[in-house]
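1. Quick one: sequence and predicted model below, then my questions.
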Amino acid sequence: MTHQDEETIVAMYKDGCSFPEIADVIGKTTDQVKHWMRMNRRTHGLTKRRPTKKNQGVLSEALWADSKWNVKLGVEFISKEWRSA
């Protein structure tokens, strides 16, 4: 990748663009952009966007509110201990 490509990746990533969007602009594949990001994230001080497993819940409260199902009751039901018959 050229220095200009790298600058574009960093700027677009900081602006919130997706990997496919960045790849289209610089004329590379999405996998090439992802690979570059893995190898150079720390060098450019870029953080991961997705939450870590530690902070990530199975279902967020926002999803519960938008659901037409009673998600809270469902989670309580499936998390109960199974009893012997």
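-> Sure thing, it's come through.
2. which ones are touching residue 37?
-> With CB atoms under 8 Å, 6 or more residues apart in numbering as the criterion, the residues that contact residue 37 are 9, 13, 19, 46. Placement of C-beta: from N, CA and C, glycine included.
3. Go through the residues you listed and flag which are in strands.
-> For the contacts of residue 37, membership in strands holds for none, with DSSP state E as the criterion.
4. For residue 32, which non-adjacent residue is closest in space?
-> Of all residues beyond its chain neighbours, the one nearest residue 32 is residue 23 (6.9 Å), with distances taken as CB to CB, 6 or more residues apart in numbering.
5. what helices or strands is the helix or strand that neighbour falls within leaning on?
-> Taking DSSP states H and E as the definition, one finds residue 23 inside helix 19-26. Packed against helix 19-26, as judged by 3 or more CB pairs under 8 Å, 6 or more residues apart in numbering; DSSP states H and E, are the following elements: helix 3-14, helix 30-40.
6. What residues sit buried inside it?
-> For helix 19-26, the buried set under the neighbour-count rule, 16 or more other CB atoms under 10 Å, comprises 19, 22-23, 26.
7. which of these lies closest to residue 76?
-> Distance to residue 76, by CB to CB, is smallest for residue 19 among the buried residues of helix 19-26, at 37.6 Å.
8. Enumerate every residue touching the closest one.
-> When contacts are counted by CB under 8 Å, 6+ apart, residue 19 touches 30, 33-34, 37.
9. Where does the prediction get shaky in this structure?
-> Residues of the chain meeting the criterion pLDDT under 70: 51-68, 71-72, 84-85.
10. Please give the element, helix or strand, for the most centrally placed residue in it.
-> The chain has residue 50 as the residue nearest its centroid, 3.3 Å off, counting by CA atoms, centre = their mean. Element membership of residue 50 [criterion: DSSP H and E] is none; it lies in no helix or strand.
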